[in-house]
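Undergrad: The following comprises the amino acid sequence and a computationally predicted model.
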Amino acid sequence: MTPEKNWFDTARLGMFVHWGHSSQSGYELSWPLVGGVFSLPYCQDVPVDDYHGTAQTFNPTEYNPQSWARLAKQLGMQYVILTAKHHDGFSLFHTRQSDFSIANTPYKKDIVREFVEAMRAEGLRVGLYFSLIDWHHPDYPAFTEADKPYQFGKFRQPTSFQWERYREFMLDQIRELLTHYGKIDLLWFDGGWERSPEQWQPQALQEMIRSLQPDLLINDRLPGFGDFDTCEQFIPPQPPERTWEACLTLNESWGYNPTDSQFKSPRQLIHTLCEIAGKGGNLLLNVSPMGNGEIQFEQVKLLQQIEEWLTLHHESIVGTKAGLEPWQFYGPSTRRGNRFYLFLLMKPYDSVTVRAVPIKRIQGVFIVGEKQPLQYSTRCAIVDSLFNPDPLGELTIQVPEQFLNPYATVIAVDVTSSDES
């Protein structure tokens, strides 16, 4: 990555916003119009015309992107990504390419413009989600009731003339997003599975994007291209070789869905963040505003609980690099300069042990957030202790129960650099 793109390497935390006209009915985004999908257990099955018809009444009078931006900033998030256009083909921005957009609703104002300006005002990086799929556009072709049930690998194909027109339409919309709203930091594609790479022509699409915004980051869902890997709803067992991100919902739905009350616990989300940071990845945590633009109370409360923990432990997450190897410490860890952060995701039995660390260069050990120093001891091979000026050995840290955090305890270990010893 270029220096301008390096911010993403250690961002560690971002906010995903899934929102659209269907949110006013409490429908999941897009998938209800095709009858649902196996990966969304609370997704509805809605007739195509009924689903698209909710665009006519979309009027999010309580939309306040400044409040979203403040929430993200308070959580320590570094970037925010909005669904500028999901699979249903509805644009949250003013587009000259289609009437199916926010411009032709009671709200009328450009949601993407308001979003971009609010995020920038808080110093947050701006990302836009854009689906390559368009289940509304006649040349895609549009999804109909006759196409149900939705089956992966069995998609109605356009004629060559239809596809040429659709690609021009798609390119023009992406061009609008990259020329009408100033600097965009990240473009998050989705939906590439319905067509072949030969149809998408990703090389030409990427070249157009780079010509308009050379420093923009692209995820790996533009077939064959992308600057980073995207993992959806899980933590990879081994971190990808390049920069990566995991996107995760707060419950089991991407869009606002009042029938889905299966919210993850604060502890589960904090542990997930610790594990992802320990593997050198970013957590893109999703929120799903209601139809009026406000974020659901249950989601806000959950984020506030995470914020309480992050207020004390922000330094161990944002801006850090992956820490120790798994065999050195039985838990995630991160590193910032000469300081290691150890995440205790389970209560220790009196003490924890770290292996293969430079024991003669340890300067101090303390509980993050409390600045509480901890007692520790070290040992190594006898021969190393006698003849090696900088031996690697075991560090054993005493962790009194009264210092344990109810969500995740973080211990900092300060080590001088080898040239200072």
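TA: Nice, I can see it.

Undergrad: Show me where the protein has its helices.
TA: 48-53, 65-74, 111-121, 160-179, 197-200, 202-212, 266-278, 297-313, 382-387 (DSSP state H).

Undergrad: OK, contacts around the residue most central in space within the chain?
TA: By CA atoms, centre = their mean, the mean C-alpha position of the chain lies nearest to Leu284, the distance being 1.4 Å. Leu284 sits next to Gly14, Met15, Phe16, Ile81, Glu245, Ala246, Cys247, Leu248 when contact means CB atoms under 8 Å, 6 or more residues apart in numbering. All C-beta spots, glycine's among them, are computed from the backbone N, C-alpha and C.

Undergrad: ok, back up a step: I'd like the helices of the chain as TSV, with distance to Phe343, mean neighbour count and mean pLDDT appended.
TA: TSV is the format used below for the helices of the chain (distance: least, CB to CB, whole Å; neighbours: other CB atoms under 10 Å; pLDDT from 0 to 100):
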stretch	distance to Phe343	mean neighbour count	mean pLDDT
helix 48-53	43	17	98
helix 65-74	21	19	97
helix 111-121	29	20	98
helix 160-179	38	16	98
helix 197-200	40	15	96
helix 202-212	37	15	97
helix 266-278	4	21	98
helix 297-313	9	17	96
helix 382-387	28	11	78
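
Undergrad: export those helices to TSV and tack on distance to Gly26?
TA: Formatted as TSV, those follow (distance: least, CB to CB, whole Å):
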stretch	distance to Gly26
helix 48-53	12
helix 65-74	19
helix 111-121	19
helix 160-179	27
helix 197-200	33
helix 202-212	34
helix 266-278	23
helix 297-313	13
helix 382-387	64
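
Undergrad: For Lys85, find the nearest of the ones you listed.
TA: helix 160-179 (7.0 Å; CB to CB).

Undergrad: tell me the angle of the closest one relative to helix 111-121?
TA: With axes from the mean of the first three to the mean of the last three CA atoms, to 10 degrees defining the directions, helix 160-179 sits at 30 degrees from helix 111-121.

Undergrad: Show me what Ala246 is bridged to.
TA: Cys231, Leu283 (DSSP bridges).

Undergrad: which residues touch it?
TA: 230-236, 272, 276, 281-284.

Undergrad: Recalculate using a threshold of 10 Å.
TA: Contact analysis of Ala246 by CB atoms under 10 Å, 6 or more residues apart in numbering lists 229-236, 272-273, 275-276, 279, 281-285.

Undergrad: for this structure, what are the low-confidence residue spans?
TA: Applying pLDDT under 70 to the chain flags residues 1-3, 419-421.

Undergrad: Give me the domain ranges for it.
TA: Annotated domains of the chain cover 3-316, 323-420 [automatic domain parsing].

Undergrad: Could you identify which of these is most buried?
TA: With neighbours taken as mean count of other CB atoms under 10 Å, the domains of the chain reach their highest mean count in domain 3-316, at a mean of 19.

Undergrad: For the closest residue to Tyr341 other than its chain neighbours, give me its contacts.
TA: Excluding the flanking residues, the one nearest Tyr341 by CB to CB, 6 or more residues apart in numbering is Ser316, at 3.8 Å. Applying CB under 10 Å, 6+ apart to Ser316 gives the contacts 12, 274, 277-278, 310, 323, 332-336, 339-343, 368-369, 408, 410-412.

Undergrad: Mind checking which of those land in strands?
TA: Using DSSP state E, Ser333, Thr334, Arg335, Arg336, Arg339, Phe340, Tyr341, Leu342, Phe343, Val410, Ile411, Ala412 are the members of the contacts of Ser316 that sit in strands.

Undergrad: Quick one: residues contacting the last one.
TA: Read that as Ala412. By CB under 10 Å, 6+ apart, Ala412 lies in contact with 313, 315-316, 336, 339-342, 364-369, 371, 374.

Undergrad: which one of those residues is nearest Asn388?
TA: So of those, ranked by how close each gets to Asn388 (CB to CB), first place is Phe340, at 20.8 Å.

Undergrad: what's the closest non-adjacent residue to the closest one?
TA: Excluding its sequence neighbours, the residue lying closest to Phe340 (CB to CB, 6+ apart) is Val413, at 4.5 Å.

Undergrad: same thing with Leu344?
TA: Leaving aside its chain neighbours, Leu344 sits nearest to Thr409 (4.2 Å; criterion: CB to CB, 6+ apart).

Undergrad: Would you mind listing the residues in contact with that neighbour?
TA: Residues near Thr409 by CB under 10 Å, 6+ apart: 313, 331, 342-348, 352, 367-370, 399, 403.

Undergrad: between these, which is closest to Gly35?
TA: Once CB to CB is applied, the member of those that ends up nearest Gly35 is Leu345, at 39.0 Å.

Undergrad: The closest one and Ile270 touch, don't they?
TA: Yes. The criterion here is CB atoms under 10 Å, and Leu345 meets it with Ile270 at 8.8 Å.

Undergrad: shared neighbours, those two?
TA: With CB under 10 Å, 6+ apart as the test, Leu345 and Ile270 both reach Tyr407, Ala408.

Undergrad: And the closest residue to Ala11 other than its chain neighbours, how far from Pro223?
TA: In this structure, Ala11 finds its nearest non-sequential neighbour in Gln78, 4.0 Å apart by CB to CB, 6+ apart. In this view, Gln78 and Pro223 are 27 Å apart by CB to CB, to the nearest Å.

Undergrad: One more: Gly182?
TA: Taking CB to CB, one finds Gly182 at 28 Å from Pro223.

Undergrad: Pull the residues that contact stretch 116-126.
TA: With CB under 10 Å, 6+ apart as the criterion, stretch 116-126 contacts 7-8, 11, 14-15, 64-74, 77-82, 84, 93, 110, 112, 115, 127-128, 177, 180-186, 217.

Undergrad: how much space is there between Gln375 and His136?
TA: 64 Å.

Undergrad: do the same with Trp254
TA: 18 Å.

Undergrad: Check Gln203 too.
TA: Using CB to CB, which is the criterion applied here, Gln203 is 27 Å from His136.

Undergrad: Repeat that for Leu395.
TA: Computed as CB to CB, the Leu395 to His136 distance reads 59 Å.

Undergrad: Where do the strands of the stretch 1-150 of the chain begin and end?
TA: Per DSSP state E, counting those that start in this stretch, the stretch 1-150 of the chain carries strands over the ranges 13-17, 79-85, 125-131.

Undergrad: now these as CSV including distance to Asp50?
TA: As requested, the strands of the stretch 1-150 of the chain are exported to CSV (distance: least, CB to CB, whole Å):
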stretch, distance to Asp50
strand 13-17, 24
strand 79-85, 20
strand 125-131, 20
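
Undergrad: Which two of the contacts of Ala412 have the greatest separation?
TA: Of all pairs in the contacts of Ala412, the most separated under CB to CB is Arg336 and Leu374 at 18.5 Å.
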